[in-house]
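**Student:** generate a structure from the sequence data that follows.
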Amino acid sequence: LDAVVFTGGVGENAAAVREAACAGLKFMGMQLDVDRNGQSPPDSNVAHADSKLAAIIVRAEEDWAIARACWRLAQKQPS
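**Tutor:** Below you'll find the predicted structure:
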């Protein structure tokens, strides 16, 4: 395991959930940077610099995925 990735509403915004998930990975060398995790910075690693695993928050951007899907569907529809 190289990284744990958190995304979506809970993964992006719930520092306590990320902390609880990472606590179970301490045996693998996971060390969470508690202060950075509490800030919930999007598209960044919130693991401590000494951690053997990354804990990455990825902005989901569901609105773009929905917009692209709608665009593709609209292109297939006759006018």
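**Student:** make it CA atoms for all contacts and neighbour counts henceforth
**Tutor:** OK.
**Student:** I'd guess Met30 is in a helix, am I close?
**Tutor:** No: using DSSP: H, G, I helix; E, B strand; the rest coil, the secondary structure at Met30 is coil, not a helix.
**Student:** so what's it up against?
**Tutor:** 22-23, 47, 51-54 (C-alpha atoms under 8 Å, 6 or more residues apart in numbering).
**Student:** where does the residue nearest to Gly8 when sequence neighbours are not counted land in three-state SS?
**Tutor:** For Gly8, ignoring the flanking residues on the chain, the nearest one in space by C-alpha to C-alpha, 6 or more residues apart in numbering is Ala60 at 5.3 Å. The three-state assignment at Ala60 reads coil, by three-state DSSP.
**Student:** what's the neighbour count on Ala60?
**Tutor:** Burial of Ala60 is recorded as 16 neighbouring residues (other C-alpha atoms under 10 Å).
**Student:** now Phe6. Nearest residue, chain neighbours left out?
**Tutor:** Per C-alpha to C-alpha, 6+ apart, closest to Phe6 is Ile57, 4.8 Å.
**Student:** what is the burial count for Ala54?
**Tutor:** 23.
**Student:** from Val10, how far out is the residue nearest to Phe6?
**Tutor:** To Val10, Ile57 is 10 Å away according to C-alpha to C-alpha, to the nearest Å.
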